[in-house]
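# Coordinates only, no sequence provided:
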């Protein structure tokens, strides 16, 4: 079967082509699943791709995530103590807030000013073009009266 039979959005296929990537049904489905999701891990993305196109291996999803991340169509974030998560919001150097209790992740815009958002106190000679900040706390669902953040 050709990949075009599965395209929900032909623009997604064209975006893959512009990035120099081979267009496959799995890559189209993966990119659309990442963009429709909310900081999903590879297992959740695999399930989403399978709902769209049928069987696809976890390894194929990892390979496609690597290609999409390298092409800067997808952003990989690595919250401490949890699996890597993926999102479709790229190119704006935004940051994240992470719930210490349930692991929920949400986007937050830059802390101050233009990218890289933060000025390092000592750049050690590096030319900094990006900053990654993870704020930690409790999400609204976990911050009930009397609850306290995990250490």
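Looks like it came in fine. Just so you know, these numbers come straight off a predicted model, no measurement behind them.
# Return the set of buried residues in the host helix or strand of residue 68.
Using DSSP states H and E, residue 68 sits in helix 58-70. Across helix 58-70, burial judged by 16 or more other C-beta atoms under 10 Å covers 60, 61, 64, 65, 67, 68, 69. The C-beta positions use only the backbone N, C-alpha and C, and glycine is treated the same way.
# next one: stretch 35-43
37, 39, 40, 42.
# what sits against the last one?
Under the criterion of C-beta atoms under 8 Å, 6 or more residues apart in numbering, the neighbours of residue 42 are 58, 61, 62, 65, 83, 84, 86.
# Same list (these) but as TSV, adding pLDDT and distance to residue 136.
Listed next are the contacts of residue 42 as TSV, based on pLDDT from 0 to 100; distance: C-beta to C-beta, whole Å:
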residue	pLDDT	distance to residue 136
58	93	29
61	95	28
62	95	27
65	96	25
83	91	17
84	94	17
86	96	20
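# what would these look like in TSV with distance to residue 138?
Listed next are the contacts of residue 42 as TSV, based on distance: C-beta to C-beta, whole Å:
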residue	distance to residue 138
58	32
61	31
62	31
65	29
83	20
84	22
86	24
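# for those, which one is nearest residue 121?
Proximity of these to residue 121 (C-beta to C-beta) peaks at residue 84, which lies at 28.7 Å.
# Please report the number of neighbouring residues for the closest one.
Using other C-beta atoms under 10 Å, the number of residues around residue 84 comes to 14.
# That one reaches residue 74, doesn't it?
No. Using C-beta atoms under 8 Å, residue 84 is not in contact with residue 74; the gap is 10.9 Å.
# The closest residue to residue 95 other than its chain neighbours and residue 101, how far apart?
Nearest residue to residue 95, sequence neighbours excluded (C-beta to C-beta, 6 or more residues apart in numbering): residue 133, at 4.1 Å. Remark: distance between residue 133 and residue 101 (C-beta to C-beta, to the nearest Å) = 20 Å.
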